[in-house]
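Peer 1: predicted model follows, preceded by the sequence.
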Amino acid sequence: MSQEKKISCSSSEKEELQDKQILVNNEFCEENGIGDLTFIVENHKIPVSKTVLCIASPVFRTMLKGHFREKTETEIPLPGKSYESFVEFLRCIYPDKTKKVKEKNVYMLLPLAHEYNVEKMMKRCQKVIMQIIKNRHTRNVEELYRHIRLAELYSIEEMKERCIYLASENTLKQFKAARTMYQISDANYLTIIELALRRKELDKDDEKGLSLIKKESNDFFIDQVTFTLKGKIDMREKASTRCLKSLRLAERFNIQFDKSKLLDTLRHSYNKIKDNEEFDLLPDTIKSALKN
């Protein structure tokens, strides 16, 4: 049930709120209905507890307990903030509310979690968004660029790196089109291009181990990959290198076969190859399979 009520601003209210009708949200007050600080967001007043804010956020703690003017203020305007987003943020940090970060609210909470340095909320936002990317956006370059931009703004390195690698699996035309929508940094754009070029180099190198038997077949490339997976590659290479090459070729030409032995071989040497460039450049579907 809504805890908001209408009141009229007096002449002592701050200039931007004069002569306006505002709402008061009392859901974050103490049991007696009193808060020791009031935020003014859009056309709303939100009485809150300084104690709760200081426990949840080091930024609020510095603001309200340090040598800043906010320490003695009873009302603090928050211009530029969305009332809906800020209330959702408070509901997530108040111990008697403990609302969870979910797909529905994660994008409105992320900027506030970053601004007020609420570490647990930031981690939860990152986890939820990473799952959204995995479920919906691995092949959507525009969405990947959007999330790279978010990662740049809010310093989420893991998300940025994952989206960069996923984006690099696509084409130059897609890269350019996505950048007209979301202006990611030059450095990250260059990294995507470099990774895409490195993938092409690996593809070319993989082709050296392909058998040329049945060249006249309409299924020429499928025959090549089939022969490669039967062992027509340089056996002097390390086992993990052969597995990586075979998995890349199978994914590239959409060959359906039981990959369990290849994946098991890589799992046994996972700690040795996880920082290897070739492992990083594996298609995302293979990486996911290795983690299962």
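Peer 2: Received the coordinates, thanks.
Peer 1: the stretch 51-200 of the chain: strands as residue ranges?
Peer 2: All strands of the stretch 51-200 of the chain, identified by DSSP state E, counting those that start in this stretch, fall at 75-77.
Peer 1: contact partners for the closest residue to Glu157 other than its chain neighbours?
Peer 2: Closest residue to Glu157 apart from its sequence neighbours, by C-beta to C-beta, 6 or more residues apart in numbering: Ala151 at 7.2 Å. Heads up, the C-betas are built off the backbone N, CA and C, glycines and all. Applying C-beta atoms under 8 Å, 6 or more residues apart in numbering to Ala151 gives the contacts Glu157, Met159, Lys160, Cys163.
Peer 1: go on, Gln174?
Peer 2: Here Gln174 is in contact with Val141 (C-beta under 8 Å, 6+ apart).
Peer 1: chain neighbours aside, what residue packs nearest to Lys102?
Peer 2: With C-beta to C-beta, 6+ apart as the criterion, Lys102 has its nearest non-adjacent residue at 6.6 Å, and that residue is Val128.
Peer 1: what does Glu84 give?
Peer 2: Closest residue to Glu84 apart from its sequence neighbours, by C-beta to C-beta, 6+ apart: Met108 at 7.1 Å.
Peer 1: from one end of stretch 275-284 to the other, what's the distance?
Peer 2: 15 Å (C-alpha to C-alpha, to the nearest Å).
Peer 1: buried sites along that stretch?
Peer 2: Counting neighbours by 16 or more other C-beta atoms under 10 Å, one finds that the buried residues in stretch 275-284 are Phe279, Leu281, Leu282, Pro283.
Peer 1: average model confidence for stretch 56-69?
Peer 2: The average of the pLDDT scores along stretch 56-69 is 91.
Peer 1: buried residues in that stretch?
Peer 2: By neighbour count, and taking 16+ other C-beta under 10 Å as the criterion, the buried residues in stretch 56-69 are Ala56, Ser57, Phe60, Arg61, Met63, Leu64.
Peer 1: stretch 195-206 now?
Peer 2: Buried residues in stretch 195-206, counting neighbours by 16+ other C-beta under 10 Å, are found at Leu195, Ala196, Arg199, Leu202, Asp206.
Peer 1: contacts for it?
Peer 2: Outside of stretch 195-206, the residues within contact range by C-beta under 8 Å, 6+ apart are 164-165, 168-172, 175, 245, 248-249, 252, 277-278, 281.
Peer 1: kindly supply the PyMOL command isolating those of those that are buried.
Peer 2: Only the buried members of the contacts of stretch 195-206 enter the following PyMOL selection, criterion being 16+ other C-beta under 10 Å:
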select buried, resi 164+165+168+169+170+175+245+248+249+252+281
